[in-house]
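Trainee: Predicted model follows, preceded by the sequence.
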Amino acid sequence: MPEEITGGSDPKRKLRVYVATFGCQMNEYDSQVAGGLLKAEGFEIMGDGPEGDSPQKRGQSPDVVLMNTCSVREHAEDRVYGRLGMLGKAKKENPNLIIGLMGCMVEEHREKLFRRFPQLDLMVGTRNIKELPSLIEEVRRTRQQTSRIKQDGISIEYTDLIHRTSRYHAWLPIMTGCNKVCTFCIVPITRGAEVSMPAREVYREASRLVNEGVKWITLLGQNVNSYDGLPAARHSEEPRRGDEESRRSFGPSGLRMTEHGRVSFPELLEMLCQIPDLERISFTTSHPSDATEELFQVIARNPKISRRFHLPLQSGSDRILKRMKRLHTYEDYKKKIDRLREIVPDISITTDIIAGFSGEAAEDHEATRRALEEIRYDGAYIFKYSPRPGTPAAKLPDDVSLAVKEQRNRELLILQKEIRGEKNRAWLAQTVEVFVEDRSAKREEELLGHTLQEKKVVFGGPEGLLGSFQHVTLVEVKDETFRGVIS
Ligand code: 5AD
Ligand code: SF4
């Protein structure tokens, strides 16, 4: 057992760390890793959930506040700046409070933030999470602003110390970074070029999770479709191998690999489907130009793979798609959706849309409206465009006024809500298989699960059903949540 890290006026008390997570699932995963590593080093973890659950609610104040940040939209950064302001005030009352940042804002702004926010003690890069416990100790010892932001290597940490919030569901990052050049997007700057975790390590980690009781894994990456993992354990020692021997030698049960001896995303999926007690596999996010027929076929023939496909469209206008450098036209995209629906008829499709991108005229917005009407997504995340410093689009004029962005955003949201409602109502009275993950957060006596299309369902039932699949008849739907009855 490591020694406990103590703090505050009571020398025997463990040092309390509050982790606030902003942004995507990759950040949720990283926060769980950070929490697990800190706990193993003797820290007490106060919260590693979504940003909403304030530590003060529990009547305790933290010794360390770590914010795991997101840079994708301006709004996400503004919220962190707001919190830093509030924490600066809290630090005046408690000068021992340690304030730290992790995640994409650290990669984007680096040490500049120390000058802007003197109350900030610590910055930890996405490839340095392992060093968090010792860095916190360093801050305590030196009381100097301290940072560790490594530039190379992979920003994925697999550890059995991970502090998972669910017993049955786990995130599993398989690649990070992005080689696409969508002009609005800061990810290639914050997360760098694509790096994939070798397939053998992904398989090993998935098997370890399943041995711990996990039944549903969500594979994560900025663009999982361009996953290109080496079969061997270490990237650096493994050049692109082409020899037949190495192709034949790897794989739990005759795994096929790409021509150059690597494992592609569809192949990785098939390989994971062979893990016996792994019941469900989801993945996010996909890029339309890498979403291939082969991938669709793999989904179609593997019932373990989730029937939810998230495929960001961003805009329905070819002119805007070109300005965004999305590498596809609306027609290319629509053809892919049609083909996917043809071979996987029960697929639920969701998307991301940006309203008010540079140069977006009324007719471009209209094209996006038509796309939503035509494709009829099960869900869409719709965002107002905000220029991100350093991205190619930051050089283009941000010429759609805030009022127009808000108006277009609102219009698309209203339309999509209507479509989602209609699509969800079509599920009513059907009996579907639901994976029972947890108790409902709102009502203790109710259980919470997700259908194969990843639609949320709450229903009455005993705790003993947790971790199992149940047939549930969907009887009511409100917003995005169904109410069901076990049949
Ligand atoms: N402004 C608004 N939305 C953005 N996204 C990415 N960059 C921006 C930006 N600068 C959205 C895209 C992406 C999602 C994760 O965030 O829709 O798919
Ligand atoms: Fe950003 Fe485009 Fe890469 Fe997605 S595919 S992470 S939007 S650059």
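Mentor: Cool, the structure landed. Since the structure is predicted, the reported quantities are computational estimates derived from the model, not experimental observations. Residues are numbered from 1 along each chain as shown. Ligands and ions are numbered 1, 2, ... in the order given.
Trainee: Roughly how far does the residue in the stretch 351-487 of the chain that ligand 1 sits nearest to sit from ligand 2?
Mentor: For the stretch 351-487 of the chain and ligand 1, the shortest gap (Cβ to the nearest ligand atom) falls at Asp352, measuring 3.3 Å. C-beta coordinates here come from the backbone N, C-alpha and C atoms, glycine included. Distance from Asp352 to ligand 2, counting by Cβ to the nearest ligand atom, to the nearest Å: 8 Å.
Trainee: same deal with Arg164?
Mentor: 25 Å.
Trainee: likewise Ile305?
Mentor: Going from Ile305 to ligand 2 by Cβ to the nearest ligand atom gives 21 Å.
Trainee: can you check Ala199 too?
Mentor: For Ala199, the distance to ligand 2 (Cβ to the nearest ligand atom) stands at 22 Å.
Trainee: hmm, stretch 71-81 in reach of ligand 1?
Mentor: Yes. Residues of stretch 71-81 contacting ligand 1 under Cβ under 6 Å from any ligand atom: Val72, Arg73.
Trainee: Contacts for that stretch next, please.
Mentor: Residues from elsewhere that reach stretch 71-81 (Cβ atoms under 8 Å, 6 or more residues apart in numbering): 22-24, 51, 67, 69-70, 101, 103-105, 107-108, 185-187, 190, 383, 386-388.
Trainee: Spatially nearest residue to the residue of the stretch 351-487 of the chain closest to ligand 1 (excluding sequence neighbours)?
Mentor: Nearest non-adjacent residue to Asp352, counting by Cβ to Cβ, 6 or more residues apart in numbering: Pro312, 3.8 Å away.
Trainee: what do you get for Glu331?
Mentor: Here the residue nearest Glu331, using Cβ to Cβ, 6+ apart, is Asp318, at 8.0 Å.
Trainee: Pull the contacting residues for the one you found.
Mentor: Taking Cβ under 8 Å, 6+ apart, we find Asp318 in contact with Thr329, Tyr330, Glu331, Ala367.
Trainee: quick one: it from ligand 2, how far?
Mentor: As judged by Cβ to the nearest ligand atom, Asp318 and ligand 2 stand 17 Å apart.
Trainee: per-residue pLDDT, that residue?
Mentor: Looking at Asp318, its pLDDT is 98.
Trainee: what's the next secondary structure element after the helix or strand of the chain with the lowest mean pLDDT?
Mentor: Within the chain, no helix or strand scores below helix 244-249, which has a mean of 39 by mean pLDDT, DSSP states H and E. Using DSSP states H and E, the helix or strand that directly follows helix 244-249 along the chain is strand 263-264.
Trainee: which helices and strands does that following strand pack with?
Mentor: Strand 263-264 is packed against strand 228-229, with contacts defined by 3 or more Cβ pairs under 8 Å, 6 or more residues apart in numbering; DSSP states H and E.
Trainee: Packing partners of the strand it packs on?
Mentor: Using 3+ Cβ pairs under 8 Å, 6+ apart, strand 228-229 sits against strand 263-264.
Trainee: Check what pLDDT Gln151 gets.
Mentor: Gln151 carries a pLDDT score of 84 in this model.
Trainee: how near is it to ligand 2?
Mentor: 19 Å.
Trainee: ok, now Lys442?
Mentor: Distance of Lys442 to ligand 2, computed by Cβ to the nearest ligand atom: 33 Å.
Trainee: how much space between that residue and Arg483?
Mentor: To Arg483, Lys442 is 12 Å away according to Cβ to Cβ, to the nearest Å.
Trainee: hang on, the earlier thing: so the residue nearest to Asp352 is in contact with Asp290, correct?
Mentor: No. Checked against Cβ atoms under 8 Å, the pair Pro312 and Asp290 is beyond contact range at 11.8 Å.
Trainee: Look at the two and report which has more neighbours.
Mentor: Under the criterion of other Cβ atoms under 10 Å, the comparison of Pro312 against Asp290 puts Pro312 first, with 19 against 16.
Trainee: what does the stretch 151-300 of the chain put close to ligand 1?
Mentor: Phe184, Cys185.
Trainee: I am assuming Leu135 contacts Leu122, so please confirm or correct that.
Mentor: Yes. Proximity of Leu135 to Leu122 meets the contact threshold set by Cβ under 8 Å, at 5.9 Å.
Trainee: shared neighbours of those two, anything?
Mentor: Gly100, Thr146.
Trainee: thinking again about what came up before, what count of nearby residues applies to the residue of the stretch 351-487 of the chain closest to ligand 1?
Mentor: Count around Asp352 with other Cβ under 10 Å applied: 14.
Trainee: helix, strand or coil for it?
Mentor: strand (DSSP: H, G, I helix; E, B strand; the rest coil).
Trainee: cool, the one 5 residues further on as well?
Mentor: Three-state secondary structure (criterion: three-state DSSP) places Phe357 in coil.
Trainee: Report the contact partners of it.
Mentor: Phe184, Gln314, Ser315, Ile320, Arg323, Met324, Tyr385, Ala393, Val400.
Trainee: which of those are close to ligand 2?
Mentor: When these are checked against ligand 2 using Cβ under 6 Å from any ligand atom, none falls in range.
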